[in-house]
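Student: what follows is a predicted structure for the sequence shown.
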Amino acid sequence: MLGYPEANVFVLPDATFARLVSWFGTEDEPRGELAARIKPGVSDVVVYYSGHGVPFPFDPAAVKYWLPV
């Protein structure tokens, strides 16, 4: 898959809010599943998100949040 070993490609179809939080963490607790799988300064991380975003209330042109399923 785009030159990356298939074992290093993770797909989260129809991810719920809880699944996104468990994978990416939160602002207060950023250590999600992804953080446990990378080696700082060594790993390349590419996140491809196909879906909708939620506009930031004060700037409708800026998307601040992902909209899970």
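Tutor: That came through, no problem.
Student: now do the residue nearest the centre of the chain against residue 58, distance only.
Tutor: Nearest residue to the geometric centre of the chain (C-alpha atoms, centre = their mean): residue 24, 5.4 Å. Counting by C-beta to C-beta, to the nearest Å, the gap from residue 24 to residue 58 is 24 Å. C-betas here are computed from N, CA, C, even on glycine.
Student: try residue 31
Tutor: 29 Å.
Student: which one's more surrounded, these two?
Tutor: Between residue 31 and residue 58, counted using other C-beta atoms under 10 Å, residue 31 has the larger neighbour count: 10 against 7.
Student: so which strand or helix has the more buried one?
Tutor: According to DSSP states H and E, residue 31 maps onto no helix or strand at all.
Student: surely it touches residue 25?
Tutor: Yes. In this structure, residue 31 is within contact of residue 25 by C-beta atoms under 8 Å, at 5.4 Å.
Student: which stretches of this structure have low pLDDT?
Tutor: Along the chain, the model assigns pLDDT under 70 to residues 1, 60-64, 69.
Student: run the last query once more with 50
Tutor: Along the chain, segments meeting pLDDT under 50 are nowhere present.
Student: quick one: furthest residue from the center of it?
Tutor: The chain, farthest from centre, C-alpha atoms, centre = their mean: residue 58 at 23.5 Å.
Student: quick one, helices of this protein?
Tutor: Under the criterion DSSP state H, the chain contains helices at 17-24, 33-37.
Student: give the buried residues for the first one.
Tutor: Spelled out, that is helix 17-24. The neighbour-count check on helix 17-24 (16 or more other C-beta atoms under 10 Å) flags 20, 23, 24 as buried.
Student: go on, the last one?
Tutor: Of the residues in helix 33-37, those with enough neighbours to count as buried (16+ other C-beta under 10 Å) are residue 34.
Student: what's that helix packed up against?
Tutor: Here helix 33-37 touches helix 17-24, going by 3 or more C-beta pairs under 8 Å, 6 or more residues apart in numbering; DSSP states H and E.
Student: understood, closing this out.
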